[in-house]
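[1] following is a predicted model, sequence given first.
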Amino acid sequence: MKRVLSLNKFISLCFILLFIIINTNAVIVSNEDELLTKINSKEKVLNINNEITVTKNETMEVKSTSISIIGNSDSSVLRFSNNIEENIHFLKTCEVIEINDITIYGNLKFFENKKITLKNVMYNGFFISDNSNVDNQKTISILNSEFNLPHTHIGYQIYNYNLTIDNSKFYGNDVKNMYLMSVMSSKDLLNNLEIKNSLFSGNYRNSGIETSYTNITCEHTRFEKCFNGKELNGGGALTLSYAQGQFYDINFEDNISENSGGSISLKFTLKTYFDIISFKNSTSLESGHTFSVFSDSYKTTTTLYNITQIGNNEKSDHSIEGTFFSSFGSNRLIIENYNGIHLNTGSVMSFEGDSKATLLNLNFTDVYIRNDGSLIKTYDPYEKGANIYVEKSFVYNITQESDDYSAAIISTDSGFVKLNEVYYENIKCHKSGILYQHGKAKTHIRSVTIKNFYSEWPEILFFNNVDYSENEYSAINFFELNLIDVYQDGVIFYTGDSIVEIHHSYFKNIHECYKHNDCNSFSEKENNNFAQSILFINNNPTVKIDYSTFEEIYGKSGMNVRQGTVMIQNTSILNSYFEKGFIYYTNEYETSGMYMYTNLNFNNNRSYRGTFLYFDDIVGGNIPFFMINGVSFNNNTASSYGGIIYSTAQGQTNVKQIGFSYCNFSNNNALLGKISYVYDLQHEFSFYMDYATKQILNKDKNNFVTNPTKINFENYNNSEVIEINSGDRIEKEYICNIYDDYGNKFEINGDISETKSEDLVFYELSLYGKKNALLPTKVFGSYKGYCFNNSCKFKDIRLVANPGDYVLELKIISYGQFNAFKTNSISMNVKIKECNLTERISQDRDGININSCYKPICSPPCANKGICVNDNLCNCKNTYFKGETCSERYKQNRYKILDLIIKIVTSILIITTIIIIALVYHYKNVDVIKAASFDFLNFILIGIILNYIYGIFVIKERFVTAECILSFYFEQIGFTLIFGSILIKTYRIYYIFMELKRINKNAANDQKYYLLIFLIIFHSIITVFQWITKSTKSVNEVDSVEREYNTCKYSNIFYFSQIVDIFLVLIGSYFAYEIRNINKKFKEPLSVPFYVYIVYIIFIQIMNLVNNHVLIVYFKSLGIIIYSTTILYFLFIIKFDTIKYKKKVESMSSSEFLKNSKAKTFTSNTDEGRIQIYYH
């Protein structure tokens, strides 16, 4: 304990002595004058304890050998208010400079000073330190300070100094296209630049540090908000050229460059190491979001460890090269342990020239690429191109959008790209594949998995367009490639004239869109991008595939056959669908070369035709060499023909040279040809196997099938002759079956509703003379038809020809899914007999100038005792009917002239009645009108008009239901208004004269309309009821001579109205009869209407007994006109005559009137007194 205390005392004593020594030559400066006086005095230490403002507009030159400017608190401020470029200039003679604990506003310049130290300085200004004497001895130290660059076009410039920055901050200004700090050295001697625990912020306007020919060490430092403009040299935060350095624990955030290198630009550097580096939102508008390296020498080696990159999640339309980095020229690059997320937009790792890169343990998530960008892109080689090695990496969620073809993972035109233990998952593209290479490029893959690849349009996955002659090694060499879940239908491999090797690889669920029937290629014209699903061969390549598995592959075919060599061995093709076979051959193109398939497992595959081999012979000629040896075909199915092989080879094409040697066939299926379907026996393939195996396969007749070669009748003997009359129908069904070249009858069962018309075999029947094929003939009925389930059936055909011997031929005219038959017709013998004219008719019934011998047939048959005299011709004579089948009735004859006369007369009477209404109104105050009751006279006239209208309805020939109901209503209301009014008038006269009582005027006015109102309401209800119940309708009836007419049929409720009408007439007649003896001077001729109507009713009933509808109609119409006109005359015309007469009398003298006329009075004298009659 005592020793510790003694040590502490010793240290304190040392500090006190040091303070005394330092302050021996120290002076306190309090103002501008003291500063100007003391800065070059013998005092080497200037203490500034307060704020000093220098206003002198001159540069202060420091010439002393050393100087220290020291503050001691936050209030220590040195401010230069003059606006000049150099406020203090430390000359060469001032070797040691120390500035501590002070805030400075101004610009400093250092010139060849040996040691410069700034500690705890808040510096607001720029400084230039220039050293033209390159000796690597001069140093600048910036410690625990903060530098703020003012509004100037010059940053902190340091030339040929060893610079140390520790725990300091540098902030830029608002001026673009300038560096916050430039550290430059001579190429003859590299100075040191050491940065620790510091911050450089460019204010989104300044670039960071530019340095050349330096040896830089940077640790625990942050570069942010740096902007490298177009006029600069690239690198938002760091621009290194001809330098070497080490960077540890560096953060780059929000940096942007309009040139290469969003945060870092490396040009012609030597060895540069980066470890624990973070890039966040680092962007270049040209290339390399994080860094860009350029060099023409492999001495440039850039090594990066433990890199993290966080990009911008918002997709940009601007595409660049290198959203991670870009490399130009010839340099070496090593990257290990990288994690990147949200990289966009463009190629991720871009290599121009001949770079050599080793990339280990890279992890990418959410990559967005546009145009021709890829995850790895090499282009524009200097000599051999880039050499890229990628190992143990993971890539998730790549999005590639391009209107033209592009590759999502690798795009290379030169060099060598090798991937080892790399995993890719979730690649979504618009029009992209996985790999594109051309020129001198080579790509080798080992232990790589690619899962969940989607392209909206069908494009080639691995596009190898390399020229073989310029490559001594395989252009593609894949070992342990796993390609799983591809949702598009572009071919997997497209290769030109080069070597392609696939070893120990696994492909599963490729072209998944086939499962959902939504591949875009379905609506596109077929092209090389998707014509095959596994391999498309162009020019003359060599393709080697072994120890691999293709499972759940879907497409139009597996691979095509052109020029070149294909060797597939020890490989499995499983659970796949190839519409036109795993191997598709067509000689539409030039084909040559060798195709060898050895020890394959071809199991559980499906196709439309030929699951393994589809041989499409178009032009004939030579074919390539095929060797198929030791292949196991199990559980394969073709929905149409050829479970394993389908071939259209014919003519000179020799397919017997294609042999299947010691192959195994088990449980293969097809509609026809479970194993093989060929054109004929001359064009079957060769099968080399032991005799017992061949016998077992031949037991099933559907294993080996040829195209149909002939047709035979099933139920007709060639010696049979069918004898018929011309025009007779052959009702028997004849059946022809189709046979192949093996003599097997085709057996296909299917549902016609599920069959397409273009897949059917169509035939045509024709009839021609045995001795003269030009004789006129005609076949009617189903002379054209189709064969279904490989049977051609016909019946119910009608043959028309002149008597003689003929041949009825069935000829195949369309072969559907088959090729043309060798023998495509079959015939039968037909004899046309002479016509027996006693039983039949010989006549050209079809309008073809060939007579038919037939019994006339009327269909439908003649009705009502009509006689069939020819086909569908009935004789209706001696019947009451007409028409083609004697089933139409004659219409009842009407007298059109009489109808017209009735309509004209009735119309005149209606007009006359309307005129009378006007006259009644005109003379309403005349006694004779007044006495007859003006109201009831108008009611009667309206009823007469309705009667006339009804009379026109009666003579109509056709009725609709509405007209029937309206006719009924007009009849009843007209009747009610006429006879109801007359009844009331009759009753009132009866009551007056027979009961001898005076009418109560008020009571009469209240009650005289009751009956009319009641009757109108009653008939209206009856009418509405008929309308609602639809019980009244228009019907067709026949008269006594079976002639048809149209009338109205009323419901039974009609009789209620008739009963009321009869009762009304009876009552009226009774009262009319009772007042018959009353003096004519005191009554109207009211009984006449009743008597006339009764006569009318009697005549109508008599006509009903006659049962002649025409007479009833005309009697009814004329009767209505007559009795209505009678009423009109007796009740109105006579009154107008009386008025006329009265006017004439009044115009005569009174004496002449008394002498020559009989007085007419309307009073009556009785024994009981005088009764005055009033009518209202």
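    Happy to help now that I have it. Numbering: from 1, shown residues only.
[2] can you verify my assumption that residue 816 contacts residue 762?
    Yes: between residue 816 and residue 762 there is a contact at 7.5 Å, judged by Cβ atoms under 8 Å. Where you see a C-beta, it was placed from the backbone N, CA and C, and this is true even at glycine.
[3] what are the ranges of the helices in the stretch 851-1000 of the chain?
    Secondary structure of the stretch 851-1000 of the chain (DSSP state H, counting those that start in this stretch): helices at 896-922, 927-931, 934-954, 961-975, 981-995.
[4] tell me the average confidence for the second one?
    Helix 927-931 carries an average pLDDT of 68.
[5] and for the fourth one?
    Confidence for helix 961-975, expressed as mean pLDDT, is 77.
[6] which strands and helices lie in contact with that helix?
    helix 934-954, helix 1010-1029, strand 1033-1038, strand 1044-1049, helix 1054-1074 (3 or more Cβ pairs under 8 Å, 6 or more residues apart in numbering; DSSP states H and E).
[7] any idea which of the ones you listed is most buried?
    helix 934-954 (a mean of 21; mean count of other Cβ atoms under 10 Å).
[8] so which elements touch that one?
    Here helix 934-954 touches helix 896-922, helix 961-975, helix 981-995, helix 1109-1128, going by 3+ Cβ pairs under 8 Å, 6+ apart.
[9] so residue 573 makes contact with residue 601?
    Yes: between residue 573 and residue 601 there is a contact at 7.2 Å, judged by Cβ under 8 Å.
[10] in this structure residue 765 contacts residue 779, no?
    Yes: the criterion here is Cβ under 8 Å, and residue 765 meets it with residue 779 at 5.2 Å.
[11] tell me which residues in stretch 808-827 are buried?
    808-810, 812, 814-818, 821, 824, 826-827 (16 or more other Cβ atoms under 10 Å).
[12] any idea which of the helices and strands packed on helix 961-975 gets closest to residue 355?
    helix 1010-1029 (98.8 Å; Cβ to Cβ).
[13] so which elements touch the one helix or strand residue 141 maps to?
    For residue 141, the host element (DSSP states H and E) is strand 139-143. Contacting strand 139-143 under the criterion 3+ Cβ pairs under 8 Å, 6+ apart are the following elements: strand 115-124, strand 162-166.
[14] what lies in contact with the following helix or strand past the last one?
    Beyond strand 162-166 in the direction of the C-terminus, DSSP H and E gives the next helix or strand as strand 169-171. Outside strand 169-171, the residues within contact range by Cβ atoms under 8 Å, 6 or more residues apart in numbering are 145-149, 156, 180-181, 198-201, 203.
[15] could you please name the strands strand 169-171 pairs with and the direction of each pair?
    The strands beside strand 169-171 in its sheet (DSSP bridges) come out as strand 146-148 (parallel), strand 199-201 (parallel).
[16] what pLDDT, on average, does that strand get?
    Strand 169-171 shows a mean pLDDT of 96 in the predicted model.
[17] beyond it, next helix or strand please.
    strand 179-184.
[18] other SSEs contacting the helix or strand following that following strand?
    Per DSSP H and E, the first helix or strand lying C-terminal to strand 179-184 is strand 191-196. The helices and strands touching strand 191-196, judged by 3+ Cβ pairs under 8 Å, 6+ apart, are strand 162-166, strand 214-224.
[19] so which other helices or strands are in contact with the last one?
    Contact analysis of strand 214-224 by 3+ Cβ pairs under 8 Å, 6+ apart lists strand 191-196, strand 199-201, strand 238-241, strand 244-253 as its packing neighbours.
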